[in-house]
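**Q** Fold the following and give me the result.
(one chain, ligands or ions: 1)
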Amino acid sequence: MNSDKTPLLLIAAGGTGGHMFPAQALAEAMVRRGWRVKLSTDARGARYAGGFPHVVTVEQVSSATFARGGPLAKLLTPFKIAGGIVSAIFRNLSDKPTAVVGFGGYPTIPALASATVLGLPRAIHEQNGIMGRVNRIFAKRVNRFACGTWPTDVPEGVQAEHTGNPVRASVLERAGAAYIPPGDYPMSILVIGGSQGARILSDCVPEALALLPESVRHNLRIAHQARPEDLERVGAAYEAAGITAEVEPFFNDVPRRLSECQLVISRAGASSVADISVIGRPAILIPYAAAAGDHQAANAKGLAVAGGAITIPESKLDPETLRDQIALVLDNPDGALQMALAALSYGVPDATERLVALVQDLAGPKT
Ligand SMILES: CC(=O)N[C@H]1[C@@H](OP(=O)(O)OP(=O)(O)OC[C@H]2O[C@@H](n3ccc(=O)[nH]c3=O)[C@H](O)[C@@H]2O)O[C@H](CO)[C@@H](O)[C@@H]1O
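**A** Alright, predicted model coming up:
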């Protein structure tokens, strides 16, 4: 039985970077305010646990196989989920979390279901413009519903509160960094495909850039995130086009690269859009068409409507179309500057603080 009087936040998050990064930002902020934080995730999420404050405990949640596995695993899934919920109830009876926050994904089911059964103060943070399945299930069963992007499909009776998507400290350090518009000097373009990289960007971006006039190409400095299996061919394509490029499976210094670039070409994952807008850079967004409920298109729409991004749907993407949009930004320094400022105005640099305030409010006056 937990006799510690320090408030305890139970964070539940599914195992992708998209769920784990905002969860980590909240964890760090709550620890700075003297809270203990416990993380409930699955084996995939546990790989990110190193990025959480040292007080975090990782629970391997048995419902994580919900979305994967063969027919037998699927048959056993309801029992696994039920088992996960029962053990979460016992754990929470002992831990007595002051508040529970779910960030989406199947591994959040036991923590949120047990918090519902026990009547613990609980909230959800939805990062995307279209809600994920688990968040949709629990949206009406939580006390507060926070969103990173205004969701287009909130169930009736649920009051969404826009907190924005928390971004890393290294992004915040560069929030609103001065933008140098494109010109007749070396220009940086950052190409990022989300936490896994994106094949479609590797197929299309080098070809599109190769179609630009030589006078532009020789000024380009490209940083291109590509999947490990695509590194070689992408590097070769840039070399053949006479374009200086760094091609890596993951850049650990994306915030710096964003702040120094003239243009970013990206997928429209929630954290990528948040990073781009908090730093404030013109973007060409190519939403991942197979994302659940087409949520990346919804994420991109907010930034595009604000004037900070051009969106190209996958179905319309070809090297010529992309070349035209790149040229539109690079040939128009004033327009590029306006896009950078529009992106900045769309950013929510205090998203973490807004979420912290919501959690403290949820937990009540004693915290
Ligand atoms: C393929 C897929 O379904 N992706 C989903 C996943 O996002 P996924 O994790 O793929 O992508 P996000 O855009 O949310 O986050 C990627 C993060 O990685 C950073 N980065 C990227 C490349 C790099 O080299 N270095 C680097 O640091 C980005 O700046 C960003 O902060 O969860 C998100 C939140 O639910 C969803 O919006 C996405 O649709």
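
**Q** per-residue confidence for residue 354?
**A** Predicted confidence (pLDDT) for residue 354: 98.

**Q** Could I get the contacting residues of residue 175?
**A** 278-280, 347, 349 (Cβ atoms under 8 Å, 6 or more residues apart in numbering). Any C-beta I mention is one placed from the backbone N, CA and C, and that applies to glycine too.

**Q** please redo it, this time with the cut-off set to 7 Å
**A** 278-279, 349 (Cβ atoms under 7 Å, 6 or more residues apart in numbering).

**Q** same thing with residue 13?
**A** Taking Cβ under 7 Å, 6+ apart, one finds 19-20, 23, 41, 45, 103, 105, 108 in contact with residue 13.

**Q** Out of the residues you listed, which sit inside helices?
**A** 19-20, 23, 45 (DSSP state H).

**Q** Now restrict those to buried residues only.
**A** For the ones in helices among the contacts of residue 13, a burial check counting by 16 or more other Cβ atoms under 10 Å picks out 19-20, 23, 45.

**Q** Tell me the one of those residues nearest the ligand?
**A** residue 19 (5.5 Å; Cβ to the nearest ligand atom).

**Q** Look up how far residue 265 lies from that closest one.
**A** 24 Å (Cβ to Cβ, to the nearest Å).

**Q** Could you report the neighbour count for residue 154?
**A** Neighbourhood size, residue 154 [other Cβ atoms under 10 Å]: 16.

**Q** And residue 193, by the same measure?
**A** So residue 193, with other Cβ under 10 Å, has 25 neighbours.

**Q** all helices for the stretch 1-150 of the chain, in order.
**A** 17-32, 43-46, 71-95, 109-118, 133-138 (DSSP state H, counting those that start in this stretch).

**Q** Including mean pLDDT and distance to residue 288, could those helices go into TSV?
**A** Listed next are the helices of the stretch 1-150 of the chain as TSV, based on pLDDT from 0 to 100; distance: least, Cβ to Cβ, whole Å:
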stretch	mean pLDDT	distance to residue 288
helix 17-32	91	11
helix 43-46	79	18
helix 71-95	86	25
helix 109-118	96	24
helix 133-138	94	17
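
**Q** Quick one, which of these gets closest to residue 192.
**A** helix 17-32 (11.9 Å; Cβ to Cβ).

**Q** Contacts for that closest one, please.
**A** 9, 11, 13, 37, 39, 45, 48, 51-53, 55-56, 101, 103-105, 125, 127, 148, 165-168, 195, 269-271, 352, 355-356, 359.

**Q** tell me, which of these make contact with the ligand?
**A** 104, 127, 195, 269-271 (Cβ under 6 Å from any ligand atom).

**Q** And the furthest pair within those residues?
**A** 104 and 195 (14.5 Å).

**Q** Near the ligand, which residues of the chain are found?
**A** 16-19, 21, 104, 127-128, 192, 194-196, 225, 250-251, 254, 269-272, 275, 288, 291, 295-296, 299.

**Q** centroid residue for the chain?
**A** Using Cα atoms, centre = their mean, the residue of the chain that lies closest to the mean C-alpha position is residue 271, 2.7 Å off.

**Q** Domains in the protein, by residue range?
**A** For the chain, the structural domains run 8-166+349-363, 187-346, going by automatic domain parsing.

**Q** all strands for this structure, in order.
**A** 8-12, 36-41, 58-60, 99-102, 122-126, 144-147, 160-162, 187-192, 220-225, 244-248, 263-266, 283-285, 309-311 (DSSP state E).

**Q** Can you flag the weakest of those by average pLDDT?
**A** strand 58-60 (a mean of 71).

**Q** Do a quick rundown of the helices in the stretch 151-300 of the chain.
**A** With DSSP H, counting those that start in this stretch as the criterion, the stretch 151-300 of the chain has helices spanning 169-172, 199-210, 214-217, 231-240, 254-260, 270-279, 295-306.
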